[in-house]
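1. Give me a 3D structure for the following:
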Amino acid sequence: MKRQVLVFRHFGNKGYSLFACLGREVVCSVLSVATLTYASAESVSTHPVVTDSAAMTTAREMMLEEVSVTGSRAPLTKSQAARMVTVLDRRDIAQAPVQSVNDLLKYAVGVDVRQRGPIGAQTDISIRGGTSEQIILLLNGINICDPQTGHNAMDLPIDLSEIVRIEVLEGPAGRIYGSSSLVGAINIVTRPDAETSANVTVEGGSYGYGKVSARANLKQRKWNNQLSAGYSRSDGYSRSKAGTLNTDFSGSKAFYQGQYTNDDVSLNWHLGIADKGWGSSTFYASPKWQADDQYEHTTKIYTAIQAETHCGKLRLMPSIYWNQNRDRYEGYRDQPEKMKYNYNRTDVYGMNLGSYFDWVAGRTAFGAEIRNEDLVSGNLGEPLSQTHHIKGTDRDYTLGVNRTNISGYLEHNLLLEHLTVSAGLVAVKNTWSNMNMSVYPGVDLSYRPNSNWKFHASYNTSLRMPSFTEMYYKLQGYQADPHLKPEEMQALEAGLNFQSFARPKDACYQRDARIFNLQCALWYHHGKNMIDWIMDTSKGAEAVWQSVNHTKINSLGLELGTTLFILHSQIAINYSYIHQDKKQEEHIVSQYALEYLRHKLTAKVDLPLTKQLTLGLHFRWQDRVGEYTDFDGVVHDYEPYALVDARLTWQQNKWKIYAETTNLTDKRYHDYGLVEQPGRWVIVGISTKL
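-> The predicted structure follows:
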């Protein structure tokens, strides 16, 4: 009696993948590794697996970990997700002429990167016309936002080479990430190498720039541990009126991440530290306070332990984390007698218990999170009942704020052969706000008539508590309001995605790599109690920056993008347009909320010149709505500008050398206020893998 032969055409990394059928004869199709040389994670087939009675039966997904995205509370593949998620994968990172996550995000069309300092010295990042305070930043799904201020959120302990992918979720994400995700989320995903290895990178370039970094990974059966460290510095590209450097920077970082996996559970943990100081030039200057030699130093610590169970119907995903941010701000560099330094220390503790289960009606997720944010400061907050000494100084923290955010969520995902419906809500209560427990719902729909087309629509809501700086900063021409109301957002979105695939001759493959991709999205945001810093210039010498709640802001946006794959080359063009109905009143200058990118156009070409030599060209043009005031009190409009960046890479099996140039045309421009950006910046480097 010959046994029945089972033929598997879909592959998964789950325990229920049936490869343990010892009593059956199993025939597996062969996948040639060579076909993946130029393929990104997105080109892997992730079609849902459905039963014969798929009309009313939910799909049970079998996904590769690399293509699971966080567009919902429950894990779904990118093809299944009802939300549009922009994914920057390893190939995008390796070929871009960038040195930091900040610089890489400039090429995401819906993201606004307002650079104060080069190569990640200090950058404000926002999404779809919002502010840097209105997005949530995550490291491996852990919220690492600093409630003190969003200006230093990108002081990360990781190197670009450690990043597996960056996920950009545009639009409110309250039911997915809770508070802070008012207009979007950015999730940076890292993983240890799949094998024991070591890597060393050395770079040098313009303006005294230098960098050295190293990474080592040890893989032993179910255990995987990786440690990295790096140091970078620059002399800066400009000087103060006194002739001293005022845009220099230097900093060190270290990051340890570990992983343990068996059939029943996966454990991930990380510990990172980022220590950096930089000349802040005129970052926070005003006509009333014309300081052009400011300085800032931050030290950040990130820790987290995460787990996920693989057995049983109910999958649990608990996590616990602690982040600490220390900040020293010098209004006059090295002159504490002229202006006392501002010291702040923020400790954030959080616990999250997520879960999901599959049943006949789909995939349901539920969970809760508690997050405590504690600030002690020399100039922010309310008087403390007991002061705390500031290490390394003769001063004490005399002010502070403490608040706790409690949230619970419920989400259900209906996964049919051609349709995904994801609906849910989050209930939020913050101890600092007078608001009662508030509920923010959302629903996402995705329809896939075939493997080429995908249509999506969504309605989502969210909120954001004001930062401690927005509530309490009252020095040198700034007047904050401690009674600011939380911001709230409602959003509608609709769009489509079309992908064309090369059809292979061998029928055992369902599809090969993409050859063309087109996507379009139209969105509308209705913001309530939007927070901004504004100045009434009609008051002359008495004018100060004030934090206020705008009544309402309505925004309408359009995003278009197309990508063409020709052989091993890639050509991409993306465009976004934003219109807000709230105009700047006469004599009113806005720092954030009313300044946004009305037009943004990006284009890139990746060309493999030879088997080892690759050329990457990136173009970016943007036109910003908004004004800034110079030291003479004259108001200037932001001028549109265009930049060209290039990277040339020679890749061998164990090493690569590269040369890159940012701002190839040596354009002088302003991203933010009085801070002029550098011209042409050239960097050369070499990286080896052992």
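
2. Residue 560 and residue 520 touch, don't they?
-> Yes: using CB atoms under 8 Å, residue 560 is in contact with residue 520, at 5.4 Å. Every residue, glycine included, has its C-beta placed from N, CA and C.

3. which phi and psi does residue 673 have?
-> Dihedral pair for residue 673: phi 50, psi -130, per degrees, to the nearest 10.

4. For it, give me its contacts.
-> Taking CB atoms under 8 Å, 6 or more residues apart in numbering as the criterion, residue 673 is in contact with 282, 285, 591, 628.

5. Give me the common contacts of residue 560 and residue 520.
-> By CB under 8 Å, 6+ apart, no residue touches both residue 560 and residue 520.

6. So between these two, which is more surrounded?
-> Ranked by neighbour count (other CB atoms under 10 Å), residue 560 and residue 520 place residue 560 first, with 17 against 14.

7. Not counting its neighbours along the chain, what's nearest that one?
-> residue 575 (4.9 Å; CB to CB, 6 or more residues apart in numbering).

8. can you map out the helices along the chain?
-> 90-95, 101-105, 174-177, 468-472 (DSSP state H).

9. got JSON lines for those, with mean neighbour count, distance to residue 115 and mean pLDDT too?
-> Listed next are those as JSON lines, based on neighbours: other CB atoms under 10 Å; distance: least, CB to CB, whole Å; pLDDT from 0 to 100:
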{"stretch": "helix 90-95", "mean neighbour count": "18", "distance to residue 115": "18", "mean pLDDT": "84"}
{"stretch": "helix 101-105", "mean neighbour count": "22", "distance to residue 115": "7", "mean pLDDT": "88"}
{"stretch": "helix 174-177", "mean neighbour count": "27", "distance to residue 115": "25", "mean pLDDT": "85"}
{"stretch": "helix 468-472", "mean neighbour count": "23", "distance to residue 115": "20", "mean pLDDT": "92"}
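
10. how about the residue nearest to residue 560, what does it touch?
-> Here residue 575 is in contact with 109, 559, 560, 561, 599, 600, 601, 602 (criterion: CB under 8 Å, 6+ apart).

11. so what's the fifth one closest to, chain neighbours aside?
-> In space, residue 599 comes closest to residue 623 once its chain neighbours are excluded; the distance is 4.2 Å by CB to CB, 6+ apart.

12. Mark which of the contacts of residue 575 are buried, thanks.
-> Buried members of the contacts of residue 575, scored by 16 or more other CB atoms under 10 Å, are 109, 559, 560, 561, 600, 601, 602.

13. Strands of the stretch 401-550 of the chain, start to end?
-> Per DSSP state E, counting those that start in this stretch, the stretch 401-550 of the chain carries strands over the ranges 419-430, 438-447, 453-464, 478-479, 487-501, 514-528, 531-536, 545-549.

14. Return the residues in contact with residue 314.
-> Contact partners of residue 314, counting by CB under 8 Å, 6+ apart, are 355, 356, 357.

15. rerun that using 6 Å as the cut-off
-> Residue 314 makes contact with 355, 357 under the criterion CB atoms under 6 Å, 6 or more residues apart in numbering.

16. what residue lies at the spatial centre of the protein?
-> Centroid check for the chain by CA atoms, centre = their mean gives residue 186 as the closest residue, at 2.6 Å.

17. Can you give me the distance of it to residue 305?
-> Computed as CB to CB, to the nearest Å, the residue 186 to residue 305 distance reads 22 Å.

18. any residues touching stretch 595-615, and which ones?
-> With CB under 6 Å, 6+ apart, stretch 595-615 has contacts from 95, 107, 109, 112, 129, 568-576, 578, 616-626, 648-651.

19. Likewise for stretch 279-290?
-> 116, 236, 246-248, 291-292, 294-296, 476-477, 629, 631, 633, 674-675.

20. ok, of those, which come out buried?
-> By 16+ other CB under 10 Å, the contacts of stretch 279-290 give 116, 236, 246-248, 291-292, 294-296, 477, 629, 674-675 as buried.

21. Including pLDDT and distance to residue 484, could the residues you listed go into a markdown table?
-> Listed next are the buried ones among the contacts of stretch 279-290 as a markdown table, based on pLDDT from 0 to 100; distance: CB to CB, whole Å:
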| residue | pLDDT | distance to residue 484 |
| --- | --- | --- |
| 116 | 80 | 24 |
| 236 | 90 | 35 |
| 246 | 88 | 32 |
| 247 | 90 | 32 |
| 248 | 92 | 35 |
| 291 | 87 | 26 |
| 292 | 89 | 30 |
| 294 | 92 | 25 |
| 295 | 94 | 28 |
| 296 | 94 | 24 |
| 477 | 76 | 19 |
| 629 | 80 | 23 |
| 674 | 81 | 26 |
| 675 | 85 | 26 |
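
22. Tabulate the residues you listed (CSV), appending distance to residue 362.
-> Below are those laid out as CSV (distance: CB to CB, whole Å):
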residue, distance to residue 362
116, 46
236, 55
246, 57
247, 53
248, 55
291, 57
292, 59
294, 54
295, 54
296, 49
477, 55
629, 54
674, 53
675, 50
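
23. now, among those residues, which is nearest to residue 382?
-> Looking at these and their distance to residue 382, the nearest is residue 477, at 22.3 Å (CB to CB).

24. Please give me every residue in contact with the closest one.
-> Residue 477 neighbours (CB under 6 Å, 6+ apart): 286, 288, 289, 544.

25. burial count for residue 493?
-> 23.

26. does it really touch residue 460, like I thought?
-> No: applying CB atoms under 6 Å, one finds residue 493 not in contact with residue 460, separated by 7.9 Å.

27. Now do the shared contacts for these two.
-> Joint contacts of residue 493 and residue 460 (CB under 6 Å, 6+ apart) are residue 171.

28. where exactly do the strands run in the stretch 251-400 of the chain?
-> Under DSSP E, counting those that start in this stretch, the stretch 251-400 of the chain gives strands at 265-281, 294-309, 314-330, 342-359, 362-377, 382-389, 396-415.

29. For residue 212, find the nearest of those.
-> strand 265-281 (15.2 Å).

30. what's the average pLDDT for the closest one?
-> Here strand 265-281 scores 95 as its mean pLDDT.

31. same check, this time on stretch 75-89
-> 79.

32. Figure out how far it is from the centre of its chain.
-> 15 Å (CA atoms, centre = their mean, to the nearest Å).

33. How much space separates residue 272 from residue 478?
-> 31 Å.

34. So for these two, which sits in the more crowded spot?
-> Ranked by neighbour count (other CB under 10 Å), residue 272 and residue 478 place residue 272 first, with 22 against 19.
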